[in-house]
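Q: Based on what follows, work out the 3D shape:
(one chain, ligands or ions: 1)
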Amino acid sequence: MLILGIETSCDETSAAVVRDGKEILSNVISSQADLHAKYGGVFPEMASRMHIEAIHPLQLIAGAEAIQFPVMCLIVSGGHTELVLMNEQLKYQRLGGTVDDAAGEAFDKVGRMLGLPYPGGPHVERVAKDGNANAFNFPRSWLEGTNDFSFSGLKTAVLRELKKLVPTLRAGEDAPPAATPTADLAASFQAAAVEVLTVKTVNAAREHNAKEIFIAGGVSANKVLQSEMSRRSGGTPNCVAVRFPPLILCTDNAAMIAAAGYQRFIAGQRDSLDMDVKPNWKLTT
Ligand code: KG4
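A: Below is the predicted model of the structure:
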């Protein structure tokens, strides 16, 4: 069965054709990131206009997955940070999520403070490669006893440190002076965010006897997150695999929409093509 998926949730327009929920015949992504960069974030009215202009399916990529349930999913994007237990296809149990900023949002805000282009995540990762992750001991928010996350305190701690280093800086408006240890700040921030994400995900996977861990959303492109998740989950009994999408599928794309549509279609779920704009679709029913 061929499913056409269309994804227009934020600043990428994407269309994909997926066979039987797993074979990607085409997945085209047209990004508006450069356009929004000058505003330091997504400009919604312009985004919706650009989506209308950009819709067009093409290209050939491939991929397939036999999944072993239960799966612990960490969804980490610009708008979401959630831990979801998947017992089988379409059976989702939301275990927790961020109580304030999403992980990607924190990466973007820290990127902006450090004078990096939007979206900040990939740039923070790039700059952090030359930094010392132990240079600053930024706080880890554990929210013990819950599967929730919090990144607002971490983001504020980076701001506080930056203001200590450069008291005159209007963070987010001026680029820090060249002498600022930007790489160390980026690396230390990234280490703190990644540690909390990986420890909490692996603990939840152990608790629920998950056989696999999936990481999805834009932040899943982060190589430090990928390697730390694999390292920490190594000792987890029954946990056979940590899976990250290929880079092209980490951020917004329509192939994931077509794959999810296929699962719903074969489960007998049907709907008309009439739909209203809903800013918050529920994952669980
Ligand atoms: O899932 P996504 O493409 O879109 C929405 O949130 O709608 O995620 C985008 C987020 C942005 O916050 C971006 O900075 C972050 O993913 N991101 C990264 C990396 N690549 C993208 N964060 C950290 N490291 C990366 N390499």
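
Q: Could you pick out the residues of the stretch 51-200 of the chain near the ligand for me?
A: Residues of the stretch 51-200 of the chain lying near the ligand by C-beta under 6 Å from any ligand atom: Ser77, Gly78, Gly79, Gly104, Phe107, Asp108, Pro119, Gly120, Gly121, Pro122, Glu125. Placement of C-beta: from N, CA and C, glycine included.

Q: contacting residues around the residue in the stretch 1-150 of the chain positioned nearest to the ligand?
A: Of all residues in the stretch 1-150 of the chain, Gly121 sits closest to the ligand, at 2.2 Å by C-beta to the nearest ligand atom. By C-beta atoms under 8 Å, 6 or more residues apart in numbering, Gly121 lies in contact with Gly78, Gly104, Phe107, Asp108, Gly111, Gly218, Val219, Ala221, Asn222.

Q: does the fifth one belong to a helix or a strand, and which?
A: Think Gly111. Taking DSSP states H and E as the definition, Gly111 sits inside helix 103-113.

Q: Let's see the helix or strand just after that helix as CSV, backbone CA atoms only.
A: Downstream of helix 103-113, the next assigned helix or strand under DSSP H and E is helix 120-128. Taking Å, rounded to 0.1, in the frame of the first residue of the first chain, the C-alpha atoms of helix 120-128 are listed here in CSV:
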residue,chain,number,x,y,z
GLY,A,120,20.8,26.9,17.5
GLY,A,121,20.8,23.2,18.1
PRO,A,122,23.2,22.1,15.3
HIS,A,123,25.4,25.2,15.8
VAL,A,124,25.7,24.5,19.6
GLU,A,125,26.7,21.0,18.7
ARG,A,126,29.3,22.2,16.2
VAL,A,127,30.8,24.8,18.5
ALA,A,128,30.8,22.4,21.4
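
Q: In helix 120-128, which residues are buried?
A: Buried residues in helix 120-128, defined by neighbour count with 16 or more other C-beta atoms under 10 Å: Gly120, Gly121, Pro122, His123, Val124, Glu125, Val127, Ala128.

Q: Mark out where each domain of the protein begins and ends.
A: 1-66, 99-189 (automatic domain parsing).

Q: Mean pLDDT lowest where, among these?
A: Among the domains of the chain, domain 1-66 carries the lowest mean pLDDT, at a mean of 71.

Q: what's the offset of that one from the middle of its chain?
A: With C-alpha atoms, centre = their mean, to the nearest Å as the basis, domain 1-66 stands 15 Å off its chain's centre.

Q: Could you do stretch 105-121 as well?
A: Computed by C-alpha atoms, centre = their mean, the separation of stretch 105-121 from the middle of its chain amounts to 14 Å.

Q: Next, the contact list for the closest residue to Thr182 other than its chain neighbours, please.
A: Distances taken as C-beta to C-beta, 6 or more residues apart in numbering place Leu114 nearest to Thr182, at 5.1 Å, with adjacent residues excluded. Neighbouring residues of Leu114 by C-beta under 8 Å, 6+ apart: Gly120, Val124, Val127, Leu162, Pro176, Thr180, Thr182, Leu185, Ala186.

Q: Report the separation between Leu114 and Ser9.
A: Going from Leu114 to Ser9 by C-beta to C-beta, to the nearest Å gives 27 Å.

Q: likewise Asn134?
A: Per C-beta to C-beta, Asn134 is found 37 Å from Ser9.

Q: neighbour count winner among the two?
A: Applying other C-beta atoms under 10 Å to Asn134 and Ser9 shows that Ser9 carries more neighbours, namely 16 against 10.

Q: measure the more buried one to Asp184 for me?
A: In terms of C-beta to C-beta, Ser9 sits 34 Å off from Asp184.

Q: buried set for the top helix by length along the chain?
A: Looking across the chain with DSSP state H, the single longest helix is helix 182-207. Along helix 182-207, these residues count as buried under the neighbour rule (16+ other C-beta under 10 Å): 182-198, 200-202, 204-206.

Q: now for it, which elements pack on it?
A: strand 71-76, strand 81-88, helix 103-113, helix 120-128, helix 152-165, strand 212-216, helix 223-233 (3 or more C-beta pairs under 8 Å, 6 or more residues apart in numbering; DSSP states H and E).
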